[in-house]
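Q: Got a predicted structure plus its sequence, pasted below:
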Amino acid sequence: MSTAAKPKARRDACPLCGQPSSETHAPFCGQGCRDRDLLKWLGDGYRVPGPPAEPDAPEFGRDGLDSER
C-alpha cells in the first residue's frame, strides 16, 4: 500500500505571499515581503514559547550581560 505524497511548496515561491521569488530579494518576491519578514523577526513574531521566567531569577546587569565581570 503506497501513500500519496503531499505536494511540496514551490521552492521558488515567496514564503510570505507565494508569488514567484526575485533573484535580488531571494527568497522573497520583493523588498516589501523582505521588510515584513525583518519586522516580524524584530518584533519577536518568530519566537518559541517557553516556560515562565522564575520570579527570583537574577536580573541582568546594566550592560545587558548575565554574568559578573
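A: Nice, thanks for sending it over.
Q: Could you pull out the buried residues of stretch 35-46?
A: Asp37 (16 or more other CB atoms under 10 Å). C-beta coordinates here come from the backbone N, C-alpha and C atoms, glycine included.
Q: any idea of the mean pLDDT for that stretch?
A: Taken as a whole, stretch 35-46 has an average pLDDT of 92.
Q: which residues sit against that stretch?
A: 15-16, 28 (CB atoms under 8 Å, 6 or more residues apart in numbering).
Q: Of these - the most surrounded one?
A: Phe28 (22 neighbours; other CB atoms under 10 Å).
Q: Confirm that residue sits in a strand?
A: No. Read with DSSP: H, G, I helix; E, B strand; the rest coil, Phe28 is coil and lies in no strand.
Q: re the thing from before, could you dump the contacts of stretch 35-46 to JSON lines with pLDDT?
A: Output for the contacts of stretch 35-46, formatted as JSON lines (pLDDT from 0 to 100):
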{"residue": "Pro15", "pLDDT": "95"}
{"residue": "Leu16", "pLDDT": "95"}
{"residue": "Phe28", "pLDDT": "96"}
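Q: Show the low-confidence segments of the protein, by residue range.
A: Applying pLDDT under 70 to the chain flags residues 1-10, 57-69.
Q: any idea where the helices of it begin and end?
A: With DSSP state H as the criterion, the chain has helices at 31-42.
Q: quick one: which of the contacts of stretch 35-46 is nearest to Val48?
A: Pro15 (18.0 Å; CB to CB).
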